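Colleague: Okay, here's the prediction I keep looking at, along with the sequence it came from:
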Amino acid sequence: QVQLVESGGGLVQSGGSLRLSCAASGFTFTRYWMYWVRQAPGKGLEWVSAFNTGGGGTYYADSVKGRFTISRDNAENTVYLQMNSLKPEDTALYYCARSLPYSDSPLDYWGKGTLVTVSS
């Protein structure tokens, strides 16, 4: 079955870095866009970044642009999120999700998330 398993979260000081990983299984990884979405304590979901299926297209929310980098290893079925210059407002549960590469496709599978806490 489809599984998305995030790892790499933890506690880091403001200005520090973390690298999140999302290991995917149970589906043809190269057919799907992959996403990172976060939820800060007491707030709603916020889309963070996406990586398309071909051509290496990457997309970022304005709040993380220039600080976060998404990448994917299709041989390892893994998507990464390198987070640099972390701020306390980046504290959140970070989820990995997927969608088919069509404009109206929902994010249909999500991982359980990995917690990132940035101390000031």
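Modeller: On my side now, so go ahead.
Colleague: CA atoms for contacts and neighbours, from now on please.
Modeller: Noted.
Colleague: For the spatially most distant residue from the centre of the chain, give me its contacts.
Modeller: Taking Cα atoms, centre = their mean as the measure, the residue most remote from the mean C-alpha position of the chain is residue 120, 22.6 Å away. Under the criterion of Cα atoms under 8 Å, 6 or more residues apart in numbering, the contact list for residue 120 reads 13-14, 87-88.
Colleague: Now list the buried members of these.
Modeller: Among those, those buried by neighbour count (16 or more other Cα atoms under 10 Å) are 14, 87.
Colleague: wait, which of the contacts of residue 120 is closest to residue 68?
Modeller: Each of the contacts of residue 120 was scored against residue 68 by Cα to Cα, and residue 87 proved nearest at 11.5 Å.
Colleague: How confident was the prediction at the nearest residue to the closest one once chain neighbours are set aside?
Modeller: Once its chain neighbours are removed from consideration, residue 87 has its nearest residue in residue 14; the separation is 5.0 Å (Cα to Cα, 6 or more residues apart in numbering). Model confidence at residue 14, expressed as pLDDT, equals 98.
Colleague: do the one 4 residues further on as well
Modeller: Residue-level confidence at residue 18 comes out at 98, pLDDT.
Colleague: ok, now how distant is it from residue 82?
Modeller: According to Cα to Cα, to the nearest Å, residue 18 and residue 82 sit 6 Å apart.
Colleague: returning to that earlier point: got the contact list for the residue nearest to residue 87?
Modeller: If you count contacts by Cα under 8 Å, 6+ apart, then residue 14 has 85-88, 118-120 around it.
Colleague: hmm, try it at 10 Å
Modeller: With contacts defined as Cα atoms under 10 Å, 6 or more residues apart in numbering, residue 14 is in contact with 84-90, 117-120.
Colleague: ok, and the closest non-adjacent residue to the residue nearest to the spatial centre of the chain?
Modeller: To find the centre residue of the chain, average its C-alpha atoms and take the closest one (Cα atoms, centre = their mean): that gives residue 36, at 2.4 Å. Of all residues beyond its chain neighbours, the one nearest residue 36 is residue 96 (4.7 Å), with distances taken as Cα to Cα, 6+ apart.
Colleague: next one: residue 119
Modeller: Computed as Cα to Cα, 6+ apart, the closest residue to residue 119 that is not its neighbour in sequence is residue 13, at 4.8 Å.
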